[in-house]
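Student: Give me the fold of what follows.
(chains A and B)
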Number of protein chains: 2
Amino acid sequence: MTAAVAARAPALRRYAILAPGLFASRSAKTAHGVIAYARDRTVAVIDPSRAGERVCDAVPYLRSDAPIVRDLDQALRYQPTALLIGVAPAGGALPPAWRAAILQALDANLEVVSGLHEVLGEDAEFAAAARRGGGSIWDVRVPPPPRLFTSKANDVAAHVALFVGSDCAVGKMTAALELTAAARARGRRAEFVATGQTGIMIAGRGIAIDRVIADFASGAVEQLVLESAPDAEILFVEGQGGINHAAFAPVTLALLYGCAPDALILVHLVTREHIEDFGTPVLPLAQLVILYERLCETVKPAKVCGIALNTHGLDDAQARRAIDEARKQTGLPCDDVVRYGADAFYEAIVPALAHKGVPLR
Amino acid sequence: MTAAVAARAPALRRYAILAPGLFASRSAKTAHGVIAYARDRTVAVIDPSRAGERVCDAVPYLRSDAPIVRDLDQALRYQPTALLIGVAPAGGALPPAWRAAILQALDANLEVVSGLHEVLGEDAEFAAAARRGGGSIWDVRVPPPPRLFTSKANDVAAHVALFVGSDCAVGKMTAALELTAAARARGRRAEFVATGQTGIMIAGRGIAIDRVIADFASGAVEQLVLESAPDAEILFVEGQGGINHAAFAPVTLALLYGCAPDALILVHLVTREHIEDFGTPVLPLAQLVILYERLCETVKPAKVCGIALNTHGLDDAQARRAIDEARKQTGLPCDDVVRYGADAFYEAIVPALAHKGVPLR
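Tutor: Numbering: from 1, shown residues only, chains lettered A, B, ... in the order given. Alright, predicted model coming up:
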C-alpha cells in the first residue's frame, strides 16, 4: 500500500483498465478520466460486454483506439504494467466478481491501482498473491496521517480557485483539468490539486478527502494546498459533491473552508434536475452562487467568478441557449469548457482570480 | 476495544477521572459532563494541581463532593472500577505524560474509558498491561462499520430535534440533556442521542460523528437516529461544532442533513464573540438562524424553534438582558436552560416540535 500523497512515479504506467459490463456507462468515470487526462497510457480496457470494440467506439469523446477485451488474459497481450480499477461502485466496496482479475494481475507481476474505499492492501489473499507474483497495490484513497485545520491555508502564495458543484458527477474534475491546461498554455504556473480518486490517478498525487476522518477533512484539504507546488501561481482545486447533497456535502464543506479559496468556479450539468442519489431538486444556479458565497463569507470571503456548464447530451444550439440562459440568470461568465475549449472561459475569469485583493492580471 | 454503539452496560461504573492540571478548566468538559449527567458515579478526580479539594470546590456548579487526588495510587483508595480520560486535547492524541496512569489502571484491573481520537485499544503496551492486570479498554470514539446515507432518516417515527451551535463548546450537549430531562418529566418518551465522546459516556451509547470517515458521516448520523429508541416520541440529537467553524463544520453539516431534523434548537454562549479556535467572528443569531434554515431547506426543511442561551459568566440581570435581546433579534423563544431550568423553554418550543406537519401537542 502506497501513501496517497506519494510523488508521481517516474516511469509511465501501461494500464489495463477493469470495467466489466460498465465501460460505456457513467459509472466508469474513473476509467474515462484516466484515458482522457493521465500521463500514464491505457493499453486495454476489460469489459466483456463491449469486447472487440475500441475505446472510441464505446465512448466517442475519448480519442483512444485502445482495444476493449474480454478478460485479463486477453489484456496481457498488450503488455500492461498495471491493472486500474476503472469503476467506483457506490459505497466503495470491491464487487466479489472482480477478485479473480485482481488476483491474476498480482500473480502476473502487475501493479493494481484502486480508488475504492475498501483497502486492497489490507486483504490477506491479495497480499499473498502480490508476494507470489511480484505485483503491488496502490490504494490511492488511503489518506496521510490526520491533521487538524490551522488557518495556514490563508497564507498560501498562489491564487486558489476551488471548483464547486450543483451535484456529484457533473464535471468538476474535468473543468479543473481543462482550466489548468488553458492557464499553462498561457505560460502560467498552474497546478491541478486532486481531491478524489480519479484526480489522484491522473495527477499522480493528492488526497481523497472523502476518505479522511470528518474532524480532519478540512485539515487534509489545507495540507494539500500547502504542499501542492509551492511555486505555483494558480492552484485549481478539484471539487467534490455538492452543498445540498445529503451524503457528500460534508466533504464539499471541508473543501470550501479547508483550501481557503480566493475564488470559486461553479460547475453544473445543465440536464441534471435532481440530486442523482436522492431525488431532491438541484438548486437554481443563482441560489447555489448565494449559498456557496454565504458560507465562504463566514470564514474567508470568496466569490463565484464563473460557471462551467456541462452541456453533454444537448446539440449545439441547445448548448448555446443554455449558456446564454445561465449568463442572464447569474450575470457571470458561463461556458462549456469541454465543448468550446477552455480558452475563452479562462480569459473571462482570470481577472477575478484575485489573491489578497491583487488580481492575477 | 468495545464498539461505540454497544448497549448501556448493566452495572454502574465507579469512575476515577484523569484530568491532570486541567480539571477546573473548560478543557475538562468531558469530566464535567460525566460528573453532572452520567448514570455512572465519579468517586475521585486525578489532578495534582487541585489535590485536596473536592469537585465542587474546583467547579462550583458540579454538586459532587468527590475528592480530587494527586495520582492513581490515591484514587485507588476510593475503589474505582474504571479510569475515564476526562480531557479532550485538540487533535485527540494521547499526551505521553498520561501513559503511566493508564498502564497502572490496566494493571490494576480497571476499565479505561477514552474518547480520544487515538485508539488506546490498538496500543501494544496497553494491550499487554490489560492482559497482565485484567483491565479493559472502551474507546468510545471508534465508530461502527461505514454506511452511506440513504434518506431513511426521513421516515423515523419520532420528532427529531437537532441542536446546532454558534461555535464548539457553547453548551449544545448540556442543553440537549436538560431538554430530554424536561420532556421526560412531562411523561414524554424522550431520548438523548449522543454524537460525541462525552455524550456517549453519559448515554452509554452513540457514535462519535467526528471520528467517522467524511463520506459516511451523514450515514452514521442516520444510523444513530434509526437505531435510537424506536419507541421514542422525541429524539434530542446532540449537536457538534458550528456551521462557520473551519475545522468542524463538515461534522455540523453531516448532523444537519443526516438526522433529517424536524426542528432545530440553536445554542449560543452569549459571551463568545469569536470562533475560539480561529478568531473569525461568531455570527449574529439572526444570521445563524437563516444559514442553518437555508441549508436544511435544500434537503428537508426545518426551522429553528428556539434558542438555548448559555449565560455562564454573567450575573442574573445581565443574563436576563441577554435573553431579552436575543428574543428581540430573532422573535424566537430564548432561555438559559441551566440557569433558569428547562421547563419554561420546553413548554415554549414543544408546539414547534412538529413531525410531518403534526405538532407534538
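
Student: Check the closest residue to A:Ala190 other than its chain neighbours and give its pLDDT.
Tutor: Closest residue in space to A:Ala190, ignoring its immediate chain neighbours: A:Ala183 at 3.6 Å, by CB to CB, 6 or more residues apart in numbering or on different chains. For glycine as for every other residue, the C-beta is placed from the backbone atoms N, C-alpha and C. Here, the pLDDT recorded for A:Ala183 equals 95.

Student: for A:Ala183, what are its contacts?
Tutor: By CB atoms under 8 Å, 6 or more residues apart in numbering or on different chains, the contact list for A:Ala183 reads A:190, A:234, A:236, A:346, A:350.

Student: Secondary structure of A:Gly306: a helix, I assume?
Tutor: No: using DSSP: H, G, I helix; E, B strand; the rest coil, the secondary structure at A:Gly306 is strand, not a helix.

Student: Quick check, it in contact with A:Pro333.
Tutor: Yes: between A:Gly306 and A:Pro333 there is a contact under CB atoms under 8 Å: 4.0 Å.

Student: Overlap of the contact sets of these two?
Tutor: A:345, A:348-349.

Student: Going through these, which ones are buried?
Tutor: A:345, A:349 (16 or more other CB atoms under 10 Å in any protein chain shown).

Student: The shared contacts of A:Gly306 and A:Pro333: which ones sit near chain B?
Tutor: When CB under 8 Å from any CB of the partner chain is applied, no member of the shared contacts of A:Gly306 and A:Pro333 is adjacent to chain B.

Student: Buried ones in stretch A:202-219, by neighbour count?
Tutor: Applying a neighbour-count criterion of 16+ other CB under 10 Å, one finds A:202-219 buried in stretch A:202-219.

Student: Ends of it, what's the gap?
Tutor: Distance across stretch A:202-219, first residue to last, is 23 Å (CA to CA, to the nearest Å).

Student: next one: stretch A:20-29
Tutor: End-to-end distance for stretch A:20-29, by CA to CA: 13 Å.

Student: Same check on stretch A:105-116?
Tutor: This stretch, stretch A:105-116, spans 17 Å end to end (CA to CA).

Student: Around chain B, pick out the residues from the stretch 251-361 of chain A.
Tutor: A:251, A:253-254, A:257-258, A:278, A:280, A:283, A:291, A:294-295, A:298-300.

Student: Now, of those, which are buried?
Tutor: A:251, A:253-254, A:257-258, A:278, A:280, A:283, A:291, A:295, A:298-300.

Student: pretty sure A:Thr271 is in contact with A:Ala319, am I right?
Tutor: No: counting by CB under 8 Å, A:Thr271 stays clear of A:Ala319, with 10.6 Å between them.

Student: Which one's more surrounded, those two?
Tutor: A:Ala319 (20 against 13; other CB atoms under 10 Å in any protein chain shown).

Student: Looks to me like A:Asn244 is in a helix.
Tutor: No: A:Asn244: not assigned to a helix; according to three-state DSSP it is coil.

Student: List the residues that contact it.
Tutor: A:275, A:280, A:283, A:291, B:295, B:298-299.

Student: will you turn the residues you listed into JSON lines that also has distance to B:Asn154 and secondary structure?
Tutor: Output for those, formatted as JSON lines (distance: CB to CB, whole Å; DSSP: H, G, I helix; E, B strand; the rest coil):
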{"residue": "A:Ile275", "distance to B:Asn154": "14", "secondary structure": "coil"}
{"residue": "A:Thr280", "distance to B:Asn154": "10", "secondary structure": "coil"}
{"residue": "A:Leu283", "distance to B:Asn154": "19", "secondary structure": "coil"}
{"residue": "A:Leu291", "distance to B:Asn154": "21", "secondary structure": "helix"}
{"residue": "B:Leu295", "distance to B:Asn154": "16", "secondary structure": "helix"}
{"residue": "B:Thr298", "distance to B:Asn154": "14", "secondary structure": "coil"}
{"residue": "B:Val299", "distance to B:Asn154": "9", "secondary structure": "coil"}
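
Student: which regions of the stretch 1-150 of chain A sit below the pLDDT cut-off?
Tutor: Low-confidence segments of the stretch 1-150 of chain A, defined by pLDDT under 70: A:1-10.

Student: if I look at the residue of chain A most remote from its centre, how far off is chain B?
Tutor: When each C-alpha in chain A is compared with the mean C-alpha position (CA atoms, centre = their mean), A:Arg132 comes out farthest, at 33.2 Å. Counting by CB to the nearest CB, to the nearest Å, the gap from A:Arg132 to chain B is 29 Å.

Student: and that residue, what element?
Tutor: Per DSSP states H and E: A:Arg132 is located in helix A:124-133.

Student: Can you list the low-confidence ranges for the stretch 251-361 of chain A?
Tutor: For the stretch 251-361 of chain A (pLDDT under 70), the answer is A:354-361.

Student: Pick out the residue of it closest to chain B.
Tutor: A:Thr298 (3.5 Å; CB to the nearest CB).

Student: my read: that residue touches B:Ile243, true?
Tutor: Yes: using CB under 8 Å, A:Thr298 is in contact with B:Ile243, at 7.2 Å.

Student: anything in contact with each of the two?
Tutor: B:Leu291.

Student: ok, back up a step: in a markdown table, list the contacts of A:Ala183 along with secondary structure and neighbour count.
Tutor: Putting the contacts of A:Ala183 into a markdown table (DSSP: H, G, I helix; E, B strand; the rest coil; neighbours: other CB atoms under 10 Å in any protein chain shown) gives the following:
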| residue | secondary structure | neighbour count |
| --- | --- | --- |
| A:Ala190 | strand | 23 |
| A:Ile234 | strand | 24 |
| A:Phe236 | strand | 27 |
| A:Tyr346 | helix | 24 |
| A:Val350 | helix | 24 |
